[in-house]
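Provided below for reference: sequence and predicted model.
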Amino acid sequence: MNKIIKPILLSLLLVFCARKSEISNLDFTLKSIDGETVSLSDFKGKVVLLDFWATWCPPCRRSIPHLISLYEKYKDRGVIIIGISSEEEGTIRNFRDENGITYPLLLGTSEVFQKYKVSAIPHTVFIDKKGKERKTQIGFADELIPEFEALIEKLVNE
């Protein structure tokens, strides 16, 4: 019996460690433009959409009204959208206020951009409730919104 139990326990331990490392590999702690400290791990158990963007980026600017709409539609169902930009805090805050952005905006660092392999923006990352990266989308077009919504629905219902 010991010959059967030990391999099973070892397998379970390896699975647990692999899942824990997925979450910790994606985790970050950044400052919001409102002065709060925010970590990805704060949202464990939620579907998270990370949007790496900039105020000067035309596709980023086109995506924002859609992201606001998705956030308002799904925030009560456990979905969080987080915008991450490396621009100056005042620039981001002014843009938020002028454009009615309702989701949290964080001040990105080069380490976080490297961690998520951001080489072009917008760079959108979908993370499931278990903290696993499920999709990355580079660039934006209006035609992507139904795909985003279908993926959010799927992740919410898992």
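Sure, I can see it.

roughly how far out does the helix or strand encompassing Ser63 sit from the chain middle?
In this assignment (DSSP states H and E), Ser63 forms part of helix 58-74. Distance, stretch centre to chain centre, for helix 58-74: 14 Å (CA atoms, centre = their mean, to the nearest Å).

Okay, buried residues for it please.
Cys60, Arg61, Ser63, Ile64, Leu67, Ile68, Leu70, Tyr71, Tyr74 (16 or more other CB atoms under 10 Å). From N, CA and C alone the C-beta is placed, and that goes for glycine too.

Between these, which sits nearest Val118?
Nearest to Val118 among the buried residues of helix 58-74, counting by CB to CB, is Cys60 at 12.0 Å.

Excluding chain neighbours, give the residue nearest to that closest one in space.
Leaving aside its sequence neighbours, Cys60 sits nearest to Trp53 (CB to CB, 6 or more residues apart in numbering; 3.8 Å).

and the residue most central in space within the chain, how far is that from Leu26?
Central residue of the chain (CA atoms, centre = their mean): Leu50, 2.6 Å from the mean position. Counting by CB to CB, to the nearest Å, the gap from Leu50 to Leu26 is 9 Å.

next one: Asn99
Taking CB to CB, one finds Asn99 at 27 Å from Leu26.

hmm, back to that, so which of the buried residues of helix 58-74 would you say is closest to Asp34?
Distances from Asp34 to the buried residues of helix 58-74, taken by CB to CB, are shortest for Tyr71, at 16.0 Å.
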